[in-house]
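J.: Here is the input, now give the coordinates:
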Amino acid sequence: MSQLAPLLLQAQSPDHQAREAAEAELFRLENDEYVRFVLDLVGLLADGTAPIQARQLAGILLKNSLSGRFGSAKEGATERWLAQIGAAERKQVHCVLIQALGTVQGGASVRRQAAQALAQVAVVELPHGQWPQLIEQLVQPLTQAGSSDALKHGCVEALGYICEEPSVAGVIAHQSNLILTALVQGMRGDHETTPTEPPVPKENTLVRRAATTALFNALAFVAQNMENEVERDMIMRTVMMAAAEPADAELRRSAYECLVGIASQYYEKLACPSPSNPPLTFIEMAFQLTCHAIQYDQEDVAVQAIEFWSSVADVEIKRLEEHQLLQNGTLETAYLGIVEQAAPALIPLLTQCLIRRDEDEDVEGENWNRVLAASACVSLFAQVAPKATLEAAVPFIREHLDVQRDWRSHEAALVAVGSIAVTFTSANDEQTTLEVFALPLRMLETAQNEAVRDTAAWSLGRLIAHLVTHLNANVIEAALTALMRALADTPRVARSACYALTSLIETQHESAEALASISAATLTLANALWQTAQRDDADEWNLLASSYETLIALVQQSSPENARSLAREYLPLTMHSLERALQESDAMLAASANQPAFQIEIQGLLCGLIQVFVQHLDPPLLEGTTSRLVEMILQVLNRNRSVAVHEDALMALGSIASAVEHAFASYAARAMPFVLASVRNWEAYHVCAVAIGTISDICRALEKRFEPFAAETVQVLLAALENTLLNRTVKPPILCCIGDIALALEGAFEPYLDPCIAALQHAAWSTLQTPVLDDETNDWILEMRQCILDAYTGIINGLNAAQKAGLLIDRQQVEWVIRFCEQVSQEVVDDEDMLRAVVGVMGDIGQTFGPAAVSALRELGWLRPIVEKLCISGRRKSTRETATWAFGVLFS
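T.: Predicted structure coming up:
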């Protein structure tokens, strides 16, 4: 047995010292004896005599080591593998991993860990031309007789994990037919079939389940196969046979997940006829299957059957939106109207699901189930086909709101009303609208059952969001009064009343009646919300957060005068509450090492309130409280490890800096160490991103007074930019922050100019080297480029303010920026934000460097059309203003 086995088991020990010692030794082995470390892990994983837990841990450790989640970051882990694992060792790793896929001892759990580890090796090696025979090795046991079920299971699991990885998609795309054949065979069983033969049941359910899951992961690879009638029929029939398998609920659930993916990725093919089941189309076959599952199958299967229809509706919503963007022109993608056709039969089934809810279950709960899935699906149907959905739902609502019905019926009817709220629009007459709105309003005030009152408040919130412009002053006043009264109800009902009040507050500007009612009641409503947050039971049902969030919405949506009044009244109360919370925290920490989660949450919520109140107060009104505010915020940062609380505290600190501007210089020396510590907290990247925003707030507030903190701040930012452990979404804000610092420091930015230019150019290079594998990556590249240009805008304007813009000419940066802008503008002809950044920096160059620069920019054939296009057709006012200014600088 490998010497690693006892070490891995010791790393799971409840004994803290033993665990730390084992973890330290594992880190040492990875760093100092990497090749032996890898070979020992692989050997232990395949060792049938070793303890099962040790084998599982070996697989996990190997996978994490390769993915950068153990020791090295991902890029470094890949480079280390390619550099240190030679051809002979790779061959040994490959053979042993394939062997481990077929292990019998340890069962499916060990095979699954082996499959995940193998997939991670594939992610590293396949893009570099290594292990080219891997897919054939995995497929062979599935397509040839004589292989054990255990090996088939392991191979299918590995195929599924590999297909799930975007980074290898292009490498294995040419083997999609091979993969598809193997997966379909795995779903069907050992029996050799032809496309016209029916699939037969499979004895080894693990193989069928794994193959079905793998097919879901491989759906992106079968686009070509879905264009072929015979192959499309084979795929669809195989999935539907699995969805109808009576003996295996888990297989049915996985098959429905496949159907969900097919609906999303191959929507157009749902209308194709099935050659083996004429005259039915695939959507008609799916309708039969899903209707049965929704009514009669177990919970997790029924949920996936409902999700299939939600997926169809999602696609049709997007297609309709495309149609509207084209201003009712010809759709470039197909719109089949499936939801419109299915609604009359499907909505009654979905609304029946709503009756199954337990009394203590939340209408927007975290535990996704048949009721919540059905409610969400009905809501999506209502967006696609409002008339058909309304007509199909109304009979259920009327029947189940009958006074003779029990609470479950009443509550289900209210869920249905809220779910189809979007259908009650101007297409209905005013009387119908008022009658519908009156239903939950009456239930909120009269129902004896708590669940019914809770759902009534939620339903009111949904209706308000869509109907506020159709409600008269009396109805809005009645709703506001009832909801304020409901704040004194149980925590569950009060929480939903907060949701409905937030809906009314956020839509008030769409209706003169709503605006008048909220404006008149602002002070009373604020007091009611504050008192609700002070309730002894506010820690139940998330009531504390809900009441504070509604109060924040009230301040943000109020008139400037009302917002100032609220800020003046409630900032002192909030500060007092935060002081009390910190004192209670001290007492709890003195008594034990931990604070209750609720106590930590309170501090974060109060910081959120402070942030909003400070934004609505002028500096003179903050003069006497700024010191106390900053001190409390820093105490919160010092005493808590909660990521969410740190985010709230940092945003409050930035808000204070923005409000008091230069006066924040008195507190910057105390505050900046906390802010920079948060930037260095790379693992908590959300906190890191917020801290970077706080730096921008502080340097904009201090301007040149930020200079004492610049050296360390720039050093920390550049280190974060280079760090491969930091989530890439944080990198764009770092670039913008560099621009903010340059603009604040003006000429004092000169010492940091060269390293920042190098960082910006490296960031630009990285956007050119990053393969665009998905929309998320594409969005990140665009954001990076936009922030690079924003940073240069800050640098140009900052240096120009000190007559030092010539430093950029000396470093040939003007030419580089122009070339970069040209390349970017050619790649993103329709991205308004990107083009606005291009036009803005070109205008800055013209304005800063004078007639010679303007003359050179006029010679660029690509620039003027972009500027003119944004002047005329920019969607946002800010875009048109920037383009008009740039046109005046460059072309007038």
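
J.: Next secondary structure after the lowest-mean-pLDDT helix or strand in the chain?
T.: Lowest on mean pLDDT, DSSP states H and E among the helices and strands of the chain sits helix 74-84, with a mean of 82. Tracing the chain past helix 74-84, the next element assigned as helix or strand by DSSP states H and E is helix 87-101.

J.: Let me see the mean pLDDT of that following helix.
T.: For helix 87-101, mean pLDDT is 95.

J.: hey, C-alpha coordinates of it in CSV?
T.: Taking Å, rounded to 0.1, in the frame of the first residue of the first chain, the C-alpha atoms of helix 87-101 are listed here in CSV:
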residue,chain,number,x,y,z
ALA,A,87,6.6,10.8,-21.7
ALA,A,88,7.3,7.6,-19.6
GLU,A,89,5.5,9.0,-16.6
ARG,A,90,2.6,10.2,-18.7
LYS,A,91,2.2,6.8,-20.2
GLN,A,92,2.2,5.2,-16.7
VAL,A,93,-0.4,7.7,-15.5
HIS,A,94,-2.6,7.0,-18.5
CYS,A,95,-2.5,3.3,-18.1
VAL,A,96,-3.1,3.4,-14.3
LEU,A,97,-6.0,5.8,-14.6
ILE,A,98,-7.7,3.7,-17.3
GLN,A,99,-7.2,0.7,-15.0
ALA,A,100,-8.7,2.6,-12.1
LEU,A,101,-11.9,3.4,-14.2
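
J.: Okay, angle between it and helix 74-84 too, please.
T.: 120 degrees (axes from the mean of the first three to the mean of the last three C-alpha atoms, to 10 degrees).

J.: gap between the helix or strand encompassing residue 757 and the chain center?
T.: Counting by DSSP H and E, the element that carries residue 757 is helix 750-769. Put simply, helix 750-769 sits 29 Å off its chain's centre (C-alpha atoms, centre = their mean, to the nearest Å).

J.: got the buried residues for that helix?
T.: Residues of helix 750-769 classed as buried by neighbour count (16 or more other C-beta atoms under 10 Å): 752-753, 756-757, 759-760, 763-764, 767. The way it works is simple: take the backbone N, C-alpha and C, and place the C-beta from them, glycine included.

J.: Residue 536 sits in which helix or strand?
T.: Judged by DSSP H and E, residue 536 forms part of no helix or strand.

J.: which residues touch it?
T.: For residue 536, no contacting residues are found, by C-beta atoms under 8 Å, 6 or more residues apart in numbering.

J.: what does the model give it for pLDDT?
T.: 95.

J.: With residue 368 instead?
T.: pLDDT, read off for residue 368, is 88.

J.: swap in residue 119?
T.: 96.

J.: what's the neighbour count on residue 27?
T.: 12 (other C-beta atoms under 10 Å).

J.: quick one on the thing from earlier: could I get the buried residue list for the least confident helix or strand of the chain?
T.: Quick answer for helix 74-84 (16+ other C-beta under 10 Å): 77-78, 80-81.

J.: swap in stretch 834-852?
T.: 834-849.

J.: next one: stretch 455-474
T.: Across stretch 455-474, burial judged by 16+ other C-beta under 10 Å covers 455-468, 470-471.

J.: Please apply the same query to stretch 45-52.
T.: Neighbour-count burial for stretch 45-52, counted by 16+ other C-beta under 10 Å, picks out 45-47, 50-51.

J.: ok, of those, which one's closest to residue 777?
T.: residue 45 (32.1 Å; C-beta to C-beta).

J.: for that closest one, what are its contacts?
T.: Residue 45 neighbours (C-beta under 8 Å, 6+ apart): 55, 58-59, 62, 96-97, 100, 110, 113-114, 117.

J.: starting at the chain centroid, how far to the helix or strand containing it?
T.: Using DSSP H and E, residue 45 sits in helix 34-46. Computed by C-alpha atoms, centre = their mean, the chain-centroid distance of helix 34-46 equals 36 Å.

J.: Kindly report the same for stretch 539-549.
T.: 23 Å.

J.: in it, what counts as buried?
T.: Judged by neighbour count (16+ other C-beta under 10 Å), stretch 539-549 contains these buried residues: 539, 541-549.

J.: follow-up on the earlier one: can you say which two of the buried residues of helix 74-84 are spatially most distant?
T.: Within those, two members stand farthest from each other by C-beta to C-beta: 78 and 80, at 7.3 Å.

J.: any idea which helix or strand carries the residue nearest to the spatial centre of the chain?
T.: In the chain, the residue lying closest to the centroid (C-alpha atoms, centre = their mean) is residue 776, at 10.4 Å. Residue 776 is part of helix 775-801, with elements assigned from DSSP H and E.

J.: what's next to the very next helix or strand once past that helix, contact-wise?
T.: Next helix or strand after helix 775-801 toward the C-terminus (DSSP H and E): helix 806-810. For helix 806-810, the surrounding residues in contact (C-beta under 8 Å, 6+ apart) are 750, 753, 795-796, 799, 814, 849.

J.: Which positions within helix 806-810 qualify as buried?
T.: Those buried within helix 806-810 under the rule 16+ other C-beta under 10 Å are 807-808.

J.: Next SSE downstream of that helix?
T.: According to DSSP H and E, the helix or strand after helix 806-810 is helix 813-827.

J.: ok, and what's touching that next one?
T.: By C-beta under 8 Å, 6+ apart, helix 813-827 touches 757, 761, 764, 785, 788-789, 792, 808, 834-835, 838, 841-842, 845, 849, 853, 857, 860, 862-863, 866.

J.: how does it look with 6 Å?
T.: 764, 785, 792, 808, 838, 845, 862, 866 (C-beta atoms under 6 Å, 6 or more residues apart in numbering).

J.: Check stretch 174-182 too.
T.: 135, 139, 142-143, 218, 221-222, 225.

J.: again, only using 8 Å
T.: With C-beta under 8 Å, 6+ apart as the criterion, stretch 174-182 contacts 135-136, 138-139, 142-143, 155-156, 159, 163, 172, 211, 215, 218, 221-222, 224-225, 231, 235.

J.: Buried among the residues you listed? Need that as a selection in PyMOL.
T.: In PyMOL, a selection of the buried entries from the contacts of stretch 174-182 looks like this (16+ other C-beta under 10 Å):
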select buried, resi 135+138+139+142+155+156+159+163+172+211+215+218+221+222+225+231+235
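
J.: Among the buried residues of stretch 834-852, name the ones in helices.
T.: 834-849 (DSSP state H).

J.: Looking at this protein, which helix is longest?
T.: Criterion DSSP H: the longest helix present in the chain is helix 560-591.
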